[in-house]
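**Q** predicted model, plus sequence, below.
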4 protein chains.
Amino acid sequence: MLAAALALAGEQGVGGLSMDAIARRAGVSKETLYRWWPSKADVVLDALAERGRETIPLPDTGSLREDLRRFLRATVDSAEPGTVRLLHALAAASAADESTALQVRDRFLATRRSDLGQLLGRAVARGELASSHADLAIDLIYGCMWYRLIFRIGQLDYGWADSVADVIAPEPSARQGEGPTR
Amino acid sequence: MLAAALALAGEQGVGGLSMDAIARRAGVSKETLYRWWPSKADVVLDALAERGRETIPLPDTGSLREDLRRFLRATVDSAEPGTVRLLHALAAASAADESTALQVRDRFLATRRSDLGQLLGRAVARGELASSHADLAIDLIYGCMWYRLIFRIGQLDYGWADSVADVIAPEPSARQGEGPTR
Amino acid sequence: MLAAALALAGEQGVGGLSMDAIARRAGVSKETLYRWWPSKADVVLDALAERGRETIPLPDTGSLREDLRRFLRATVDSAEPGTVRLLHALAAASAADESTALQVRDRFLATRRSDLGQLLGRAVARGELASSHADLAIDLIYGCMWYRLIFRIGQLDYGWADSVADVIAPEPSARQGEGPTR
Amino acid sequence: MLAAALALAGEQGVGGLSMDAIARRAGVSKETLYRWWPSKADVVLDALAERGRETIPLPDTGSLREDLRRFLRATVDSAEPGTVRLLHALAAASAADESTALQVRDRFLATRRSDLGQLLGRAVARGELASSHADLAIDLIYGCMWYRLIFRIGQLDYGWADSVADVIAPEPSARQGEGPTR
DNA sequence: CGGTAAGCGAGACGGTACGTCTTGTCTTATT
DNA sequence: AATAAGACAAGACGTACCGTCTCGCTTACCG
């Protein structure tokens, strides 16, 4: 039933996604759909929550820089076209409606954020990162990712992953202003 | 005519925005609307482009940290409720449709990005910032902002502005891992 | 259980009468309702049969004219608003569906028809009425009544009752064309 | 457009008549249907009004009895199965809803009633009928007809037509109670 | 100066989706 | 075995919006 929603959302994007169509595809009556989910957003959200359970393994190499590189590269790897379309759906629904945004935040983003938070927390414990920066780093990193996704700023590839890791956790030898620019 | 679009978008959010309503409000026939803009997204986009011309003054204090603080605080100041709703509209439309996203990127985000790019460019010239980080910094900063806006992660206030400035341009005395934590 | 049907039919008219509502009101499951009556019409019909048992006393004054006046006046008296609504329901269901009509005819109208038939039969026996007219008179009288009810032609009052009696059983002195008009 | 309504009503009876179906059949959008008629009843009513314009010629033989026979026989002739189904629809809608009934009465029944009224009026002028009976006779005659139609009391055939004529306008020689029975 | 074209308001139209309602069947759990 | 509770497929309801279309009416330009 959620599968139908996912399939349709993946096929035609988010705009072309109607309750009628989901019901038709799922071989289910519209009434039943509405019995279980009050709105289209909730269906999509639940459908995504299902898929969203596949988590990204948390690396623990002892180095924040290395951990971040691996984590972000894995994140990049998980972004197949279908998934990206669903993320677009999520963003669109969240931007358009506050209560949807809150649900997305608490039911979908939260686990990702806490994953990254854990990774950064270890770095703070090791003294690699100012604790005052840890929380904001989560927003910066995921923010950057969503921003590029939503507005199609550019590809999310390994280069991007490494660059972000580099900004958040610069190479020990490197000092700001003395970078590879020289 | 675009004013009607803006007004309605500001009033009822993005979802409750129909071409019919815009036409009615503007005292204009739907036909005329369609003669000038091929789709709803384009109307909203043009309407926003109008408002979006109000730029934020670029500070130049000689210190990246200080420049960023002022720029971001000014950005925060400009975010009245009406404007925020319009940004939500923009994000929703961009997430939902690729070609809209491209237009938004090139006609709306671009000026903001180049503003910030200029500010960061000066810092690179002064040796305060690795040039390799400058471009990414734009994504990180604006990404963080949009991310928090779209998913209602938290307020965009002066505290946030200063924190971001602090991460991108740390206090000279501070060294990572030697933050105020210890 | 039938009481619930009657109550609801009386309250909101016939249109706003659903099996769901009857079941809910009766504190009974829909399944049970369907176990006992195959369709909504049957429920209403049975409910009416209950009420319909209250018969109108047959007068026997020895004069057709007087008998008719009394019988029709009593009929008029029995038509309270709730009852009228139920009669409307009956007519609507009968008009819409043949098998319902047959049931209504045989289970509801029949007793009324035979009552009136008895009254007219006595008049035939007394030589007051041509036997060939007796059967048709039933249709004329009841037809007139239903016609006025269904199409809201006018009130069913004592005036109407007396007029009908007058047409079916004219005053002995009166000759057609020499009526009270003169 | 009304044709579709008529066709469907004629095919499946009144119950199986939905706005959706009419729109589909007429190759028209539901919106358009609702733009022109506020409710299903109004569509059917208008559709019937179209057909209802075919009037029955008013005979004028100089004898009420003969006029009535001819008029009622012609009425009987006009009752093909399709028409009868539509009359059933009319009756059902009228019984179920007061405002519909009023419209039916004023827009559909009225012309028939005035036709018959004219016929009877001539008889009154000739002294064949008490003027006080004329109005009621309309109700009796049409009432009888509808009554038999709605509740499927019996066929409407020439026999019925002649009998009704006989009751309303008895043979001059005949005296009540001295009918052909004896 | 008068004829013709372009732009406009108004709004009807075919479609599609919405979210609600009712129908009649079915299943589950209780009694 | 009968029941209440209520899920379910089907599909109609009346409304909203989309994007296209056809009307007249008004300008304003050009012959």
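**A** Received, thanks. As the structure is a prediction and not an experimental result, all values here were calculated from the model.

**Q** please make it C-alpha for all contacts and neighbour counts, starting now.
**A** Will do.

**Q** continuing past the helix ranked longest in chain A, what's the next helix or strand?
**A** Longest helix of chain A, by residue count under DSSP state H: helix A:131-150. On the C-terminal side of helix A:131-150, the nearest following helix or strand under DSSP states H and E is helix A:158-168.

**Q** that following helix and chain B, are they touching?
**A** Yes: for helix A:158-168 and chain B, the contact criterion (C-alpha under 8 Å from any C-alpha of the partner chain) is met by A:Ser163, A:Val164, A:Val167.

**Q** surely the second one is in contact with A:Gly143?
**A** Which is A:Val164. No: judged on C-alpha atoms under 8 Å, A:Val164 makes no contact with A:Gly143 at a distance of 11.5 Å.

**Q** now the closest residue to DNA strand F within chain A, what's its secondary structure?
**A** Residue of chain A nearest DNA strand F, by C-alpha to the nearest atom of the strand: A:Val28 (3.6 Å). A:Val28 falls in the coil class when you classify it by DSSP: H, G, I helix; E, B strand; the rest coil.

**Q** low-scoring stretches of chain A, by residue?
**A** A:52-53, A:173-182 (pLDDT under 70).

**Q** other residues contacting the longest helix of chain A?
**A** A:84, A:88, A:91, A:113, A:116-117, A:120-121, A:124, A:153-156, A:164, A:168, B:91, B:94-95, B:101, B:139-148, B:163-164, B:167, B:179-181 (C-alpha atoms under 8 Å, 6 or more residues apart in numbering or on different chains).

**Q** quick check, distance from stretch A:114-131 to the centre of its chain.
**A** 19 Å (C-alpha atoms, centre = their mean, to the nearest Å).

**Q** send me it as PDB with only the CA atoms.
**A** Listed next in PDB are the C-alpha coordinates belonging to stretch A:114-131 (Å, rounded to 0.1, in the frame of the first residue of the first chain):
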ATOM      1  CA  SER A 114      21.600  12.000  15.700                       C
ATOM      2  CA  ASP A 115      23.900   9.700  13.600                       C
ATOM      3  CA  LEU A 116      26.000  12.600  12.600                       C
ATOM      4  CA  GLY A 117      25.700  14.000  16.100                       C
ATOM      5  CA  GLN A 118      27.200  10.900  17.500                       C
ATOM      6  CA  LEU A 119      30.100  11.000  15.100                       C
ATOM      7  CA  LEU A 120      30.800  14.600  15.900                       C
ATOM      8  CA  GLY A 121      30.300  13.900  19.600                       C
ATOM      9  CA  ARG A 122      33.200  11.400  19.600                       C
ATOM     10  CA  ALA A 123      35.400  14.100  17.900                       C
ATOM     11  CA  VAL A 124      34.500  16.500  20.600                       C
ATOM     12  CA  ALA A 125      35.400  14.000  23.200                       C
ATOM     13  CA  ARG A 126      38.700  13.500  21.500                       C
ATOM     14  CA  GLY A 127      39.300  17.200  21.500                       C
ATOM     15  CA  GLU A 128      39.200  17.400  17.800                       C
ATOM     16  CA  LEU A 129      36.200  19.700  17.600                       C
ATOM     17  CA  ALA A 130      34.900  22.600  19.800                       C
ATOM     18  CA  SER A 131      31.700  21.400  21.400                       C
END
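
**Q** in that stretch, which residues are buried?
**A** A:115-117, A:119-124, A:127-131 (16 or more other C-alpha atoms under 10 Å in any protein chain shown).

**Q** and for stretch A:82-91?
**A** Of the residues in stretch A:82-91, A:Thr83, A:Arg85, A:Leu86, A:Leu87, A:His88, A:Ala89, A:Leu90, A:Ala91 count as buried by neighbour count, 16+ other C-alpha under 10 Å.

**Q** which of these sits closest to DNA strand E?
**A** So of those, ranked by how close each gets to DNA strand E (C-alpha to the nearest atom of the strand), first place is A:Ala89, at 13.7 Å.

**Q** got the domain boundaries for chain A?
**A** What automatic domain parsing lists as the domains of chain A is A:2-48, A:61-168.

**Q** D:Ala4: which of these is closest?
**A** Evaluated over the domains of chain A, closeness to D:Ala4 peaks at domain A:2-48, with 26.3 Å, by C-alpha to C-alpha.

**Q** gap between the two ends of that closest one?
**A** Using C-alpha to C-alpha, to the nearest Å, one end of domain A:2-48 lies 9 Å from the other.

**Q** chain center to it: distance?
**A** With C-alpha atoms, centre = their mean, you get 21 Å for domain A:2-48.

**Q** ok, now stretch A:131-139?
**A** Centroid displacement of stretch A:131-139 relative to its chain, using C-alpha atoms, centre = their mean, is 17 Å.

**Q** what about A:Lys100, how many residues nearby?
**A** Quick fix: residue A:100 reads Thr, not Lys. Other residues lying near A:Thr100 total 21 when counted by other C-alpha atoms under 10 Å in any protein chain shown.

**Q** so which strand or helix has it?
**A** If you go by DSSP H and E, A:Thr100 is part of helix A:98-104.

**Q** returning to what we had before: and which of the residues of helix A:158-168 next to chain B is nearest D:Leu45?
**A** Distance to D:Leu45, by C-alpha to C-alpha, is smallest for A:Val164 among the residues of helix A:158-168 next to chain B, at 72.0 Å.

**Q** that closest one: how many residues sit nearby?
**A** For A:Val164, using other C-alpha under 10 Å, the count is 25.

**Q** also the one 4 residues further on?
**A** A:Ile168 is surrounded by 19 other residues when neighbours are defined as other C-alpha under 10 Å.

**Q** against chain C, how distant is it?
**A** 62 Å (C-alpha to the nearest C-alpha, to the nearest Å).

**Q** same question, A:Ser99
**A** According to C-alpha to the nearest C-alpha, A:Ser99 stands 33 Å off from chain C.

**Q** can you check A:Ala134 too?
**A** 58 Å.

**Q** number of residues surrounding that residue?
**A** Residues lying near A:Ala134 (other C-alpha under 10 Å) number 21.

**Q** so A:Gly62, which state does it fall into?
**A** Counting by three-state DSSP, the backbone at A:Gly62 sits in coil.

**Q** spatially nearest residue to it, not counting backbone neighbours?
**A** A:Ala123 (7.9 Å; C-alpha to C-alpha, 6 or more residues apart in numbering or on different chains).

**Q** just checking, that neighbour touches A:Leu129?
**A** Yes: A:Ala123 is within contact range of A:Leu129, at 5.7 Å (criterion: C-alpha under 8 Å).

**Q** thinking again about what came up before, just the buried positions in the longest helix of chain A, please.
**A** For helix A:131-150, burial by neighbour count (16+ other C-alpha under 10 Å) applies to A:131, A:133-134, A:136-150.

**Q** near DNA strand E at all, the host helix or strand of A:Ala21?
**A** Per DSSP H and E: A:Ala21 is located in helix A:19-26. Yes: using C-alpha under 7 Å from any atom of the strand, helix A:19-26 reaches DNA strand E at A:Met19, A:Asp20, A:Ala21.
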